[in-house]
Every structure is written in structure tokens, then in C-alpha cells.
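with the sequence up front, the predicted model follows.
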Amino acid sequence: MGLAGSVAHGQTAKKPLTFDVVSVKVSDDVDGGMSWRTTPDGYHMVNVGLTSTVEWAYGMSNATDDQLIGFPNWARELRFDLDAKVDAEDAAAFKAASDDEKDAMLRGILEDRFKLKAHKETRELPVYDLVVARGGPKLKVADPANTYENGVKFGGKVAGPGGMSTRMDGRVFRAEFQACGIDRILPLLTMLSERTVIDKTGLTGKYDLKLAVTPKWVKDDTDAAVPRLLTAVPEQLGLKLEPAKGPVTVLVVDHVEKPSAN
């Protein structure tokens, strides 16, 4: 009997995808805009933060600061430009690759050029429990027959059920969700509260909802018509964010260096 995980007779092991060409350059445009694009054969990044890239590569998007442990100050500030391409004969395989496979390739760049070593742990940290507020939820139950022709659009195309949009409107952060479960709003609430938000509502339906808040990064709080998050969630959604402690996945950086030259 062969070892578990071995390739059966007559089969060929799948060749792991790797980038053929990789260019990494530290960006000095710290005040400029950031762009990140997945191309047909790789990645093109301009002025991207190292911490953001590490979050993405390790499946930790929208992580709060207390979920990222061990980053030196320079790593939290560093931005870089990156171009990575697979060989022409691997372009079709890259296009068909899963998100997990592409994340693994991105981790390979970080390990090679930044000498990154990191691991995940579960730690007890401050969180918010999302619960139903007194008076009950103020959520509109989604109509299964609604195609949302007049709803959220991306690139002029109707997003349909499950679509969402977020935008800054002056000093106000606005979000709209259509036919979404409570799980879809948790990353947004985590980002706005800067704490991991855990669903304790018990609500299992699909809902249409809108949320307008004055976010933390807006320091001028003179517009009383648009409340802060902890007030907006009960008033607009009929839900409540209760401070608590709970198990949170964190990413611990064991080692990282400034990128090696190309």
C-alpha cells in the first residue's frame, strides 16, 4: 500500500504554479494613491502597503491592528510597487487557479523578497458582540423575487441579490446591502469599529439595509444628524454592538526584512 497522498500509478503530479518574473521596488510616493490589479498572468501593484499585502496573502483581509502582531514600525509604513508574471505557458493555469492557490503564490513572493515568516494563532481579545437591540431589528426582509434592477451597480451592470456598495459622501460613510445575510456586514462593522465583530443576533434571513455613519477617522463631529457607529447601528439597524472578549484569529510575524534588490 502506497503512502497517503502519493500519486497513483499512471497519474502525473500537478505542477505548482510559480512566478517566472518578479519585480519589487520600495515606493517613495507615500501620499499617493494605491492600486492593486490581478492581471491575466500575475499581479500589478502600485504603492501598496506591506501590511495590506500580508493580510491578503494570509486570508486576513480587514484585520484590525490588534490582529497583526510583530510588525516592526518600518513594515507598517513601507509601501512598494510589485509586478509578478507567470511564464506564458502557465497563463491559462494561473487564470484558472483558485484564490487559495494565488494567495500561496503571493506568500511565496513575501517569503522570498521580504524573508517573511509568519503564523496564525487564536487569542482572547476585545471584540464586539452584534446582538439584537431593545425593540427588535429594523431590517427589511429581502424579496426573493427582487432582481434589484434599480439597486447597486458595478461598472454600469446590475449587481443583483447579494450586491453591496460602500462610499464616502463628504464626511459620511455610507453602505448599502441587498439580499445579504448578517455575515456579510460583519467585515464592514469590524473595519468601522476597529474590533472583530461576532454575530450573536441569531438572525438567519436575507435583508436589504443601509447604514450611514460618521467614521472614526473623521475628527470633526459637528454634524449631529449623522451619528457615530455605536449609535447608528441601533438607530438604523435595530442591532447593537456590545463590548466583550472572545477568540480572535491573529497573524504573528516571526521575521520580516526590507525587500531584497531585484
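Perfect, I can see it now.

so how far is N62 from F154?
As judged by CB to CB, to the nearest Å, F154 and N62 stand 19 Å apart. In this view, the C-beta of every residue, glycine as well, is placed from N, C-alpha and C.

to clarify, my last question referred to A244.
As judged by CB to CB, A244 and N62 stand 19 Å apart.

all the helices of the protein, residue numbers only.
50-57, 73-77, 91-96, 99-113, 182-193, 229-232 (DSSP state H).

with mean neighbour count and distance to P137 added, can I get those helices in a markdown table?
Converted to a markdown table, these look like this (neighbours: other CB atoms under 10 Å; distance: least, CB to CB, whole Å):
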| stretch | mean neighbour count | distance to P137 |
| --- | --- | --- |
| helix 50-57 | 20 | 31 |
| helix 73-77 | 12 | 38 |
| helix 91-96 | 14 | 41 |
| helix 99-113 | 16 | 32 |
| helix 182-193 | 19 | 9 |
| helix 229-232 | 16 | 14 |
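
I182 versus P234, what's the distance?
The gap separating P234 from I182 is 15 Å, by CB to CB.

list the beta-bridge partners for A84.
Beta-bridge partners recorded for A84 (DSSP bridges): V22, Y43.

isn't it up against F19?
Yes. Between A84 and F19 there is a contact at 4.4 Å, judged by CB atoms under 8 Å.

any common contacting residues for the two?
Counting by CB atoms under 8 Å, 6 or more residues apart in numbering, the residues touching both A84 and F19 are 42, 105, 109.

same list (those residues) but as TSV, adding pLDDT.
Below are these laid out as TSV (pLDDT from 0 to 100):
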residue	pLDDT
G42	95
M105	95
I109	95
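
show the pLDDT at the closest residue to T39 other than its chain neighbours.
Among residues not flanking T39 along the chain, K85 sits closest, at 7.5 Å (CB to CB, 6 or more residues apart in numbering). K85 is assigned a pLDDT of 96 by the prediction.

quick one, strands of the stretch 1-150 of the chain?
21-26, 35-39, 42-49, 68-69, 79-85, 117-132, 140-141 (DSSP state E, counting those that start in this stretch).
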